[in-house]
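1. no FASTA, just this:
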């Protein structure tokens, strides 16, 4: 069929419609950017991202495969549409105020607001006039400069820095760690960053909102009608809202539980599963307290727990990890515990054997949470910086950089929420230490 398309393209016959091209090729070609807002690889290496999920569903409806064409810039996105290299662009594109030659935008599927962001504990400004001599930085070339230029007509003293070395996620981290006072971020960008940096706060919103839409070549207007119908169906059956919630909704609580709450669960929940943790520990040659701590971090020892990303059960196994660990029913607590232990053993075995303990265990925990590929990316960045890639204390400083475009574009596996595994390891270590204190050497629970 592909040969037939080439023949058509090299004759004087009319060019097939975009839909016909897709069906002849047997694939939908989607150009996008590697970004938390669009497309990336998740912990087990499978494709993820809001735009990827939308594109995959569209390809499924058309009955064809999906081919992702990742590029680095918006100019490359529009060039791919113009050249025919891609059928559609799905990259969290904002509909521009001025038309782009040879490009048409589909229906608006999401609206984003612009926030002025500050750090919790500092004085909250109610307007740009209130920021005074505060440091305001935005990403160079971003649409946020437009709002500031409009405001400067009334606030002659308004000043800001357009940072060419940091993207929005890096700037939000800068506000969180106190490097500067304020930045401007889209509501989607803020939602992602707030998971990693809970001290971020919204001071106020700028007027209006901006529209997100897919783009396609303007040569085939009928293709836009397919896009319009597709998004209409997604909206009507709730799938669009589900995708938005999965990526931008509030995630499961990853913060360390308070000691009294944890000890209540030790007293009333853990006895239901302790025997299976011990048996799984023998099978996997691990400390049962470590496995129990992982289970508590994953689900608070709740076998009915389920995440918006599809993980289920007491050890929060995904479909792929459950299959790899020979778990047929993730909701069954015994299967989940044994499956989680097997999966952790596999991950642990892939950490280089020369890495000393306890660092090797901490690396395995991080990989259990975020995927081995992303942990290896952080180790490579650590080594390039002249630090020890076998030291958890060194690598934990580089993992958060995986959420910043300046850094994840240098890695093999791309974007990751790198602060999550750092918090994950810290929490599991705390839970394990408390279990050792609570059970002691006699195996009896101490509630004193």
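-> All right, it came through fine. Every value quoted in this text rests on a predicted model; they were computed, and no experiment measured them.
2. how about the helices in the stretch 101-250 of the chain?
-> 144-152, 168-176, 187-196, 221-236, 239-248 (DSSP state H, counting those that start in this stretch).
3. low-confidence bits of the stretch 101-250 of the chain, can you list those?
-> Scanning the stretch 101-250 of the chain for pLDDT under 70 picks out 249-250.
4. change it to 50
-> Across the stretch 101-250 of the chain, residues meeting the criterion (pLDDT under 50) sit at 250.
5. would a markdown table of the helices of the stretch 101-250 of the chain with distance to residue 353 be doable?
-> In short, each C-beta sits where N, CA and C put it, glycine included. Output for the helices of the stretch 101-250 of the chain, formatted as a markdown table (distance: least, Cβ to Cβ, whole Å):
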| stretch | distance to residue 353 |
| --- | --- |
| helix 144-152 | 48 |
| helix 168-176 | 34 |
| helix 187-196 | 31 |
| helix 221-236 | 48 |
| helix 239-248 | 37 |
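6. out of the ones you listed, which is closest to residue 406?
-> With Cβ to Cβ as the measure, helix 168-176 is the member of the helices of the stretch 101-250 of the chain nearest residue 406 (6.4 Å).
7. quick check: domain ranges of this structure?
-> Structural domains assigned to the chain are 2-108+213-248, 114-208, 259-439, following automatic domain parsing.
8. pLDDT on stretch 285-302, on average?
-> For stretch 285-302, mean pLDDT is 93.
9. ok, now stretch 17-35?
-> 93.
10. tell me what angle the helix or strand hosting residue 19 forms with helix 221-236.
-> In this structure, residue 19 sits in helix 18-25 according to DSSP states H and E. Going by axes from the mean of the first three to the mean of the last three Cα atoms, to 10 degrees, helix 18-25 is angled at 90 degrees with respect to helix 221-236.
11. next SSE after helix 18-25?
-> Next in sequence after helix 18-25, counting helices and strands by DSSP H and E, comes strand 27-33.
12. show me what the very next helix or strand once past that next one is packed up against.
-> The helix or strand immediately downstream of strand 27-33 is strand 40-41, counting by DSSP H and E. Secondary-structure packing of strand 40-41 (3 or more Cβ pairs under 8 Å, 6 or more residues apart in numbering; DSSP states H and E): strand 47-48.
13. ok, then the element right after the strand it packs on?
-> By DSSP H and E, the next helix or strand past strand 47-48 is helix 50-62.
14. check which residues of the helix holding residue 19 are buried.
-> Judged by neighbour count using 16 or more other Cβ atoms under 10 Å, the buried positions of helix 18-25 are 18-19, 21-25.
15. report the inter-axis angle for that helix versus helix 50-62.
-> Using the same axes, to 10 degrees: helix 18-25 against helix 50-62 is 80 degrees.
16. are there helices or strands packed against helix 18-25, and which ones?
-> Using 3+ Cβ pairs under 8 Å, 6+ apart, helix 18-25 is in contact with helix 2-9, helix 50-62, helix 221-236.
17. I figured residue 389 hits residue 377, correct?
-> No - Residue 389 lies out of contact with residue 377 (Cβ atoms under 8 Å); the separation is 10.8 Å.
18. those two: which is more packed in?
-> Using other Cβ atoms under 10 Å as the criterion, residue 389 and residue 377 rank with residue 377 on top: 25 against 19.
19. any idea how far the more buried one lies from residue 203?
-> 34 Å (Cβ to Cβ, to the nearest Å).
20. list the buried residues for the longest helix anywhere in the chain?
-> Secondary structure of the chain per DSSP state H: the longest helix is helix 419-439. For helix 419-439, burial by neighbour count (16+ other Cβ under 10 Å) applies to 419-432, 434-435, 438-439.
21. cool, and stretch 46-53?
-> So, applying 16+ other Cβ under 10 Å, buried residues of stretch 46-53: 48-53.
22. in TSV: those residues, plus distance to residue 95 and pLDDT.
-> Formatted as TSV, the buried residues of stretch 46-53 follow (distance: Cβ to Cβ, whole Å; pLDDT from 0 to 100):
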residue	distance to residue 95	pLDDT
48	25	89
49	20	91
50	17	92
51	15	95
52	20	95
53	20	94
